[in-house]
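Chemist: sequence isn't available, so here's the structure alone:
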């Protein structure tokens with residue numbers, strides 16, 4: 001996915017460099033702006049963060065949104081349900097330009113008497129409030145987010161994450177995912193994605209090829225409170241225009257890869273599919289429908305999604321109107337080694353509907 005040339009910071013002055021290196025790596029390393037920088041730009045941003053929060057008192061429970069007189073957006077409170085009062089602040093403001101203005105996002109923690117800066121993000125969130133209508137001057141290719149940041153709960157037993165929006169590219173908007181560390185009182189960037197949606201106990205990340213999408217891909221993660229651990233990946237695409245392909249990757253609960261699968265439909269026989277695992281021949285599957293016509297491929301895709309990712313069928317992202325399981329309306333034959341036959345063969349009919 002294309003990365004914007006943006007800078008993200010979540011660094012405490014007291015945090016050792018070694019700890020930062022462990023949390024922030026690869027593309028994240030280039031996004032860090034240390035709070036102890038002595039440049040005028042960073043000093044101005046810290047000053048603006050402190051001034052913006054002078055009149056903001058956090059609620060004792062829950063969270064609250066505040067708009068400053070110059071239009072800055074502030075989200076504060078026990079955002080992560082860990083007994084720490086925090087504030088996310090939109091630093092840029094069109095009504096108060098400054099020669100040394102540092103636009104972006106600030107983060108602070110309440111020490112009982114005042115707000116202490118804990119991080120800066122040089123991310124310019126593009127957002128418009130609910131009810132906004134396009135103008136000739138603001139004719140975005142897609143509708144922007146309706147707020148610059150928010151908390152996102154994946155499961156009730158784990159602290160919420162933070163979503164921060166960024167720039168709008170041709171047909172998508174950046175969404176940065178961050179977590180809070182109560183020990184260091186810092187935010188750490190985890191991922192960037194087009195969308196992040198909690199589904200069935202997982203966080204589902206999404207990407208595609210753009211306006212005329214030749215592929216769509218879904219990345220399912222387990223949020224364990226510290227990391228977003230990969231659990232499954234599903235790809236549906238037709239980049240050549242000749243033969244649609246499906247791809248699936250399965251992981252164990254620790255994020256270790258179990259296998260990459262490629263599913264291709266036989267061009268000479270619409271009822272059969274060839275599956276490879278890690279680039280090697282794995283299985284041939286024949287599906288012969290008995291009672292329902294149309295949408296054959298969608299039925300098969302749901303079946304392969306469950307069998308190869310290990311996720312339940314209800315998490316299949318393209319919810320077509322399919323009231324019955326494939327096993328109930330088709331004869332499924334699997335040819336391959338013992339592992340492939342065991343994994344891809346249908347279980348005994350249960351008689352229940354999966355939608």
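Modeler: Good, I have the coordinates. Since this is a predicted model, take the numbers as computed values, not measurements.
Chemist: which of the helices and strands in this structure ranks last by mean pLDDT?
Modeler: The weakest-scoring helix or strand in the chain, judged by mean pLDDT, DSSP states H and E, is strand 7-8 (a mean of 34).
Chemist: all strands in the stretch 51-200 of the chain, in order from the N-terminus.
Modeler: 63-67, 73-77, 86-90, 105-110, 115-122, 149-152, 161-168, 173-181, 186-193, 195-199 (DSSP state E, counting those that start in this stretch).
Chemist: between strand 173-181 and the fourth one, find me the angle.
Modeler: This points to strand 105-110. Interaxial angle of strand 105-110 relative to strand 173-181 (axes from the mean of the first three to the mean of the last three Cα atoms, to 10 degrees): 20 degrees.
Chemist: what helices and strands are in contact with strand 105-110?
Modeler: If contacts are counted by 3 or more Cβ pairs under 8 Å, 6 or more residues apart in numbering; DSSP states H and E, strand 105-110 sits against helix 40-53, strand 86-90, strand 115-122. The C-beta positions use only the backbone N, C-alpha and C, and glycine is treated the same way.
Chemist: name every strand pairing with it and say which way it goes.
Modeler: Paired strands of strand 105-110, with direction, are strand 86-90 (antiparallel), strand 115-122 (antiparallel) (DSSP bridges).
Chemist: skip the chain neighbours and tell me the closest residue to residue 155.
Modeler: residue 201 (5.5 Å; Cβ to Cβ, 6 or more residues apart in numbering).
Chemist: re the thing from before, for residue 219, which of the strands of the stretch 51-200 of the chain is the nearest?
Modeler: Closest to residue 219 of the strands of the stretch 51-200 of the chain, according to Cβ to Cβ: strand 186-193, at 7.7 Å.
Chemist: for the closest one, the averaged confidence score.
Modeler: The average pLDDT for strand 186-193 rounds to 94.
Chemist: quick one: that strand to chain centroid distance?
Modeler: 10 Å (Cα atoms, centre = their mean, to the nearest Å).
Chemist: for it, which strands pair with it and how are they oriented?
Modeler: Sheet pairing of strand 186-193 (DSSP bridges) gives strand 173-181 (antiparallel).
Chemist: what's the angle between the strand it pairs with and strand 195-199?
Modeler: Using the same axes, to 10 degrees: strand 173-181 against strand 195-199 is 60 degrees.
Chemist: other residues contacting strand 173-181?
Modeler: 4, 6, 8, 10, 23, 79-80, 82, 84, 86, 121, 123, 126, 142, 144-145, 152, 159, 161-168, 186-196, 203, 226, 228 (Cβ atoms under 8 Å, 6 or more residues apart in numbering).
Chemist: please, a PyMOL command that selects the buried ones among the residues you listed?
Modeler: Those of the contacts of strand 173-181 that count as buried under 16 or more other Cβ atoms under 10 Å are selected in PyMOL with:
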select buried, resi 6+8+10+23+79+80+84+86+121+123+126+144+145+152+159+161+162+163+164+165+166+168+186+187+188+189+190+191+192+193+194+196+203+228
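Chemist: which stretches of this structure have low pLDDT?
Modeler: Counting by pLDDT under 70, the chain shows low-confidence ranges at 1-33, 93-103, 211-213, 239-242, 290-298, 319-323, 347-355.
Chemist: for it, what spans make up the helices?
Modeler: Using DSSP state H, the helices of the chain run over 17-23, 40-53, 296-309, 326-329, 338-344.
Chemist: distance from the chain centre to the second one, please.
Modeler: Mean C-alpha position of helix 40-53 versus that of the full chain (Cα atoms, centre = their mean) differs by 30 Å.
Chemist: by contact count, what packs against that helix?
Modeler: Here helix 40-53 touches strand 73-77, strand 86-90, strand 105-110, strand 115-122, going by 3+ Cβ pairs under 8 Å, 6+ apart.
Chemist: returning to what we had before: looking at the strands paired with strand 105-110, which is buried most?
Modeler: Per-stretch averages of neighbours, counted by mean count of other Cβ atoms under 10 Å, single out strand 86-90 among the strands paired with strand 105-110, with a mean of 25.
Chemist: show me the contact partners of that strand.
Modeler: Outside of strand 86-90, the residues within contact range by Cβ under 8 Å, 6+ apart are 49, 52-53, 56, 58, 72-80, 105-110, 115, 118, 125, 148-149, 162, 164, 180.
Chemist: let's go with 7 Å and repeat that
Modeler: 49, 52-53, 56, 58, 72-76, 79-80, 105-109, 115, 125, 148-149, 162, 180 (Cβ atoms under 7 Å, 6 or more residues apart in numbering).
Chemist: what is the orientation angle of that strand with strand 73-77?
Modeler: Using the same axes, to 10 degrees, the inter-axis angle of strand 86-90 relative to strand 73-77 is 180 degrees.
Chemist: relative to residue 313, how far out is the closest residue to residue 228 other than its chain neighbours?
Modeler: Of all residues not flanking residue 228 in the chain, residue 221 sits nearest, at 4.1 Å (Cβ to Cβ, 6+ apart). Distance, residue 221 to residue 313, using Cβ to Cβ, to the nearest Å: 19 Å.
Chemist: those two: which has the busier surroundings?
Modeler: residue 221 (24 against 15; other Cβ atoms under 10 Å).
Chemist: quickly list what that one is bridged to.
Modeler: Legend: beta-bridge partners of residue 221 under DSSP bridges are residue 203, residue 230.
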